[in-house]
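A.B. asks: Task: produce atomic coordinates for the following.
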Amino acid sequence: MNVEENEFPTGIFVHETRQNLTLQFNDDGSYIVRVDHRVDAIGTYAINGNQYTEDTDYLPCRDVRTATYTWTYDGRRLTFQLAGEDNCTERRESLDGVTWIKQE
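C.D. replies: Coordinates of the predicted model:
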């Protein structure tokens, strides 16, 4: 399946180096992060062109709930780059410069 440019993909993605970490993007603008199949974080996201803005309920990010990243997707690999600041270390480490692989 070819993905149109600027069409953000939904579905389940696995971290490129941490196979026990998955990120699920739902059509309703919600997401779920799982570690070893256990829900670790939930939140919502919005797409504006190539910008991905996340709002999370993840406890370590409670003081910096929202951050924006740019994204690229080649039909299989989804990669994020920080756009501005993200003072939530856990989120930044799981997104900035990281590639996620789409599961079929």
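A.B. asks: Now the element after the longest strand seen in the chain, going C-ward?
C.D. replies: Among the elements of the chain assigned as strand by DSSP state E, the one spanning the most residues is strand 38-48. Once the chain leaves strand 38-48, the next helix or strand it forms, by DSSP states H and E, is strand 51-56.
A.B. asks: quick revisit: sheet-wise, list the partners of the longest strand of the chain with their directions.
C.D. replies: Using DSSP bridges, the strands paired with strand 38-48 are strand 30-35 (antiparallel), strand 51-56 (antiparallel).
A.B. asks: Report the rounded mean pLDDT for the helix or strand just after the last one.
C.D. replies: Read it as strand 51-56. Moving toward the C-terminus from strand 51-56, the next helix or strand (DSSP H and E) is strand 66-73. Mean pLDDT, strand 66-73: 94.
A.B. asks: low pLDDT regions in this protein?
C.D. replies: Applying pLDDT under 70 to the chain flags the ranges 1-6.
A.B. asks: Residue 32 and residue 45 touch, don't they?
C.D. replies: No. Residue 32 is beyond contact range of residue 45, at 11.1 Å (criterion: CB atoms under 8 Å). (Each C-beta comes from the backbone N, C-alpha and C, glycine too.)
A.B. asks: circling back: could I have the CA atoms of the longest strand of the chain written out in PDB?
C.D. replies: In PDB, the C-alpha atoms belonging to strand 38-48 read as follows (Å, rounded to 0.1, in the frame of the first residue of the first chain):
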ATOM      1  CA  ARG A  38       1.700  -3.800  29.100                       C
ATOM      2  CA  VAL A  39       0.200  -0.300  28.600                       C
ATOM      3  CA  ASP A  40       2.900   2.300  29.600                       C
ATOM      4  CA  ALA A  41       1.400   5.500  28.300                       C
ATOM      5  CA  ILE A  42      -1.700   6.900  26.500                       C
ATOM      6  CA  GLY A  43      -2.500  10.200  25.000                       C
ATOM      7  CA  THR A  44      -3.700  12.000  21.900                       C
ATOM      8  CA  TYR A  45      -2.000  13.300  18.800                       C
ATOM      9  CA  ALA A  46      -2.700  15.800  16.100                       C
ATOM     10  CA  ILE A  47      -1.200  16.000  12.600                       C
ATOM     11  CA  ASN A  48      -0.600  19.300  10.700                       C
END
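A.B. asks: Okay then, goodbye and thanks.
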